[in-house]
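>>> need the 3D shape of this:
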Amino acid sequence: MDNGLIEQIKHRLPITEVLSTYITLEPSGTQFKARCPFHNEKTASFSVSPERGLYYCFGCGAKGDVINFVQQFEGLDFKGTLKVLADRAGIVMTTQNTKVEPTDSVFAAMEAATKKYQDVLKHAPDALQYLFKRGLTQESIDQFRIGYAPIEWRTLAGGLDETSAGYYERAGLIKKTEKGYYDRFRGRIIFPMMDGSGRVVAFSGRIFPEVTKDGEQSPKYLNSPETEIFHKSRVLFGFDKAKGPIKKHNFAILVEGQMDLVLSHQAGFKNTIATSGTAVSESVVGDPSAHLSVLARLTPNIFLAFDGDAAGQKALERAALVALSLGMNPKVVALPEGMDPADFFSGRSDSVGAERSEAWKELLKNSEHFILHTLHAIQKTVTSAHQLKLALRTRLFPFLARVSSAVERQVYLNTIAAESSIGIKEVTDEFNGFMATATVPAPTGTISGITKQALPISHTERFIALSELFPGELMAHHMETLSTFRFDDRSIMLTPLTDEQRERVLAAVEKEYALFSVEQREEVMGELVQTIIAQFLEQLRFEYAMKMNEAKQQRDEEMELHYLALLQKLHQRRHGS
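The predicted structure is shown next:
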């Protein structure tokens, strides 16, 4: 039954229209090109064919139609993907046009519980008054579907038959004992957590009142356990509402708590998401469906607005470590002492209304990159060069090691040297010594949840394989273009495939392009030529920048000017000026 719905979606939503809301597409002949969102690359190797309704990445092999793209990009399951696209296309999903999935009843249980708790809140004046006192409006309460679980054992469990109770138990809403089922959430304000398609997958419950009827205190927050529809590393609170604004503004604000998130949105900062009730650890780096991996595909820019207490600082460091490992640019928002974002936007702040929003914008504007923030924090606590070196090794280098760009790392090392009593050579030696002894896990490349081959096919390998498999006049022309390309007496090396490469590459490339027409294969070859040249020039740019920096450190002005001139010439060549 899904086939009819899929065809409707594809008919109403051209692939370029959908993909352009996630990535920047540039016209290239009859197709479009972009930088692939599924692996790190500096030159565009991601190709989209409007005529065929398909995309393909020459770098990592990611391919498919509009359904595959949204599923891969947002880390959703198949039905969640259909919901996102159907909503966008104005198509109503029904039992007649969609296939029944085993998890449908679990999602239905979460939806029913959400509506129940929303209804209970309407008749819980104390809980409502608490939310209003914290600064929430009724509009925000409704928008985030906030509810209340009363101090009762069987608000949900009481009216369920055995089959329904099984679904509620699978959803993590009720527990089973010898005496029967009872509710997991009791005496708590309920914040529903949604996946990227807007389906409720979990709850985070804040205790209210603080003390139960029998006088016992419970944990301040209680979160749903992991279930078949909820994985803590794959959901960020508020992401379903924030993903559009995040893409629009090209940055995200990450906070800790539910109140931080809701009050931020209420103040107009709708590109805010929260970690509350989820898991942020380095283990998510290799998971393309993990929440921060999905976020990194939307934007590389993230502002971390965490509490200043010890727990908040630990959460800040965990988030920064993951962000750096994903190639993101984490900046730290310096909140007033003893204040979290919820305090800032609520009545506990000295400023009011629009003043708070302007003050928040100023805090964002003055935020420092996490590396610089950590350096400045270290400088406030050390009194000698020895203490500084030790602190750099233990508190800063573990994060600097995650910065993927060697040029960017060198910039930070230069800054450390400039702002301390340690020379650049000594700082660099200290860092290199750390790298030689430390175990720094490298991100594991994955595409669509499937681990990539240990040796993916490079652009050059693909080009050579195509020229061997499908020889022709234009193929020879493309080969000549590459073999005769020169810059500063440097040329592109096109070495024949080794036996190992031929075994690994030829069959795969032949299978990929067997159904392509001659014209389509020649168009692919033309795109590969441009990509290989762009990569070659980028490698030269990196090499020249490093050598110019070395000459500057050695105070060799002649060589510094030589490489500066080459970089300027290279810039003109790359940009056609």
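>>> helices along the stretch 351-500 of the chain, start to end?
With helices called from DSSP state H, counting those that start in this stretch, the stretch 351-500 of the chain shows them at 354-365, 370-379, 385-391, 397-400, 406-418, 424-437, 459-469, 473-483, 499-513.
>>> need these in JSON lines with mean neighbour count, can you?
All C-beta atoms are positioned from the backbone trio N, CA, C, and that covers glycine. Shown next, in JSON lines, are these (neighbours: other C-beta atoms under 10 Å):
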{"stretch": "helix 354-365", "mean neighbour count": "14"}
{"stretch": "helix 370-379", "mean neighbour count": "19"}
{"stretch": "helix 385-391", "mean neighbour count": "15"}
{"stretch": "helix 397-400", "mean neighbour count": "19"}
{"stretch": "helix 406-418", "mean neighbour count": "16"}
{"stretch": "helix 424-437", "mean neighbour count": "14"}
{"stretch": "helix 459-469", "mean neighbour count": "20"}
{"stretch": "helix 473-483", "mean neighbour count": "14"}
{"stretch": "helix 499-513", "mean neighbour count": "15"}
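>>> now the ones you listed as a markdown table including mean pLDDT and distance to V100?
Formatted as a markdown table, these follow (pLDDT from 0 to 100; distance: least, C-beta to C-beta, whole Å):
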| stretch | mean pLDDT | distance to V100 |
| --- | --- | --- |
| helix 354-365 | 90 | 46 |
| helix 370-379 | 93 | 46 |
| helix 385-391 | 89 | 58 |
| helix 397-400 | 93 | 47 |
| helix 406-418 | 85 | 50 |
| helix 424-437 | 88 | 53 |
| helix 459-469 | 84 | 42 |
| helix 473-483 | 79 | 50 |
| helix 499-513 | 80 | 34 |
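>>> how close does F516 get to F38?
21 Å (C-beta to C-beta, to the nearest Å).
>>> isn't V255 up against A305?
Yes. Between V255 and A305 there is a contact at 5.0 Å, judged by C-beta atoms under 8 Å.
>>> between these two, what contacts are shared?
In terms of C-beta atoms under 8 Å, 6 or more residues apart in numbering, V255 and A305 are both contacted by the residues P341.
>>> burial count for K122?
Per other C-beta atoms under 10 Å, the neighbour tally for K122 reads 12.
>>> ugh, wrong one, I meant R486
Counted with other C-beta under 10 Å, the neighbours of R486 add up to 8.
>>> can we start the residue count at 2 from this point?
Noted, 2 is the first residue going forward, which turns the last one into R487.
>>> if we can go back for a sec, now render the helices of the stretch 352-501 of the chain as a markdown table, adding distance to P226.
Formatted as a markdown table, the helices of the stretch 352-501 of the chain follow (distance: least, C-beta to C-beta, whole Å):
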| stretch | distance to P226 |
| --- | --- |
| helix 355-366 | 34 |
| helix 371-380 | 31 |
| helix 386-392 | 39 |
| helix 398-401 | 31 |
| helix 407-419 | 40 |
| helix 425-438 | 39 |
| helix 460-470 | 45 |
| helix 474-484 | 56 |
| helix 500-514 | 42 |
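>>> thinking again about what came up before, F517 and F39: which is more packed in?
Legend: neighbour count by other C-beta under 10 Å for F517 and F39, higher for F39 (22 against 14).
>>> distance of the more buried one from T96?
F39 sits 33 Å away from T96, going by C-beta to C-beta.
>>> where does F186 fall, phi/psi-wise?
Note on F186: backbone dihedrals following degrees, to the nearest 10 are phi -100, psi 120.
>>> ok, it touching Y149?
No. F186 lies out of contact with Y149 (C-beta under 8 Å); the separation is 9.5 Å.
>>> residues shared between the contacts of these two?
Common neighbours of F186 and Y149 (criterion: C-beta under 8 Å, 6+ apart): Y118.
>>> centre of the chain versus the one helix or strand L293 maps to, how much separation?
Assigned by DSSP states H and E, L293 belongs to helix 292-299. Distance, stretch centre to chain centre, for helix 292-299: 1 Å (C-alpha atoms, centre = their mean, to the nearest Å).
>>> who does that helix touch, helix- and strand-wise?
Packing contacts for helix 292-299, counted by 3 or more C-beta pairs under 8 Å, 6 or more residues apart in numbering; DSSP states H and E, involve helix 67-75, helix 240-250, helix 311-326.
>>> quick one: low-confidence parts of the protein?
Confidence mapping of the chain against pLDDT under 70 gives the ranges 2-3, 212-218, 278, 280, 283-287, 348-354, 440-457, 474-475, 516, 576-578.
>>> domain map for it?
Domain segmentation of the chain under automatic domain parsing yields 3-90, 105-231, 235-367, 375-438, 458-576.
>>> span of the second one from start to end?
Read that as domain 105-231. End-to-end distance of domain 105-231: 13 Å, with C-alpha to C-alpha, to the nearest Å as the criterion.
>>> and that domain, how far from the chain's centre?
28 Å.
>>> give the next helix or strand downstream of the helix ranked longest in the chain.
Longest helix of the chain, by residue count under DSSP state H: helix 519-554. Sequence-wise, the next helix or strand downstream of helix 519-554 (DSSP H and E) is helix 558-576.
>>> mind listing what's buried along that following helix?
Judged by neighbour count (16 or more other C-beta atoms under 10 Å), helix 558-576 contains these buried residues: 561, 564, 567-568, 571.
>>> T485: which of these is nearest?
Nearest to T485 out of these is L571 (C-beta to C-beta; 18.2 Å).
>>> and that closest one, what does it touch?
Counting by C-beta under 8 Å, 6+ apart, L571 makes contact with 488, 538, 541-542, 545.
>>> whichever of these end up buried, select them in ChimeraX.
The ChimeraX command for the buried members of these (criterion: 16+ other C-beta under 10 Å) is given here:
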select :488,538,541,542,545
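>>> closest to K180 among the contacts of L571?
Distance to K180 across these (C-beta to C-beta) is lowest for R542, with 70.6 Å.
>>> contacts only, for the closest one.
By C-beta under 8 Å, 6+ apart, R542 lies in contact with 568, 571, 575.
>>> which one of these sits closest to E8?
Closest approach to E8 among those (C-beta to C-beta): R575, at 42.6 Å.
>>> distance check, the nearest residue to M111 once chain neighbours are set aside against L498.
Among residues not flanking M111 along the chain, V201 sits closest, at 4.3 Å (C-beta to C-beta, 6 or more residues apart in numbering). Distance of V201 to L498, computed by C-beta to C-beta: 52 Å.
>>> which one's more surrounded, these two?
Using other C-beta under 10 Å, the more surrounded residue of V201 and L498 is V201, with 23 against 16.
>>> list phi and psi for that one.
Main-chain dihedrals, V201, degrees, to the nearest 10: phi -70, psi 130.
>>> quick one: it and A109 touch, right?
No. Taking C-beta under 8 Å as the definition, V201 is not a contact partner of A109, at 10.1 Å.
>>> overlap in contacts of these two?
Residues touching both V201 and A109 by C-beta under 8 Å, 6+ apart: none at all.
>>> buried stuff in stretch 240-260?
Within stretch 240-260, the residues scored as buried using 16+ other C-beta under 10 Å are 240-244, 246-248, 252-260.
>>> likewise for stretch 154-173?
Within stretch 154-173, the residues that qualify as buried by neighbour count (16+ other C-beta under 10 Å) are 156-158, 161, 165-173.
>>> can I get that stretch in PDB, CA atoms only?
Output of stretch 154-173 as PDB, limited to C-alpha atoms (Å, rounded to 0.1, in the frame of the first residue of the first chain):
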ATOM      1  CA  TRP A 154      -0.800   4.500  40.300                       C
ATOM      2  CA  ARG A 155      -3.100   3.600  37.500                       C
ATOM      3  CA  THR A 156      -4.100   6.800  35.600                       C
ATOM      4  CA  LEU A 157      -3.000   5.100  32.400                       C
ATOM      5  CA  ALA A 158      -2.900   1.400  33.400                       C
ATOM      6  CA  GLY A 159      -6.400   1.300  35.000                       C
ATOM      7  CA  GLY A 160      -8.500   1.200  31.800                       C
ATOM      8  CA  LEU A 161      -6.400  -1.100  29.700                       C
ATOM      9  CA  ASP A 162      -7.100  -4.600  28.500                       C
ATOM     10  CA  GLU A 163      -4.200  -7.000  28.300                       C
ATOM     11  CA  THR A 164      -3.400  -6.400  24.700                       C
ATOM     12  CA  SER A 165      -3.400  -2.600  25.100                       C
ATOM     13  CA  ALA A 166      -1.400  -2.900  28.300                       C
ATOM     14  CA  GLY A 167       1.300  -4.700  26.300                       C
ATOM     15  CA  TYR A 168       1.600  -1.800  23.900                       C
ATOM     16  CA  TYR A 169       1.800   0.700  26.800                       C
ATOM     17  CA  GLU A 170       4.500  -1.500  28.500                       C
ATOM     18  CA  ARG A 171       6.500  -1.600  25.200                       C
ATOM     19  CA  ALA A 172       6.300   2.200  25.100                       C
ATOM     20  CA  GLY A 173       7.800   2.400  28.600                       C
END
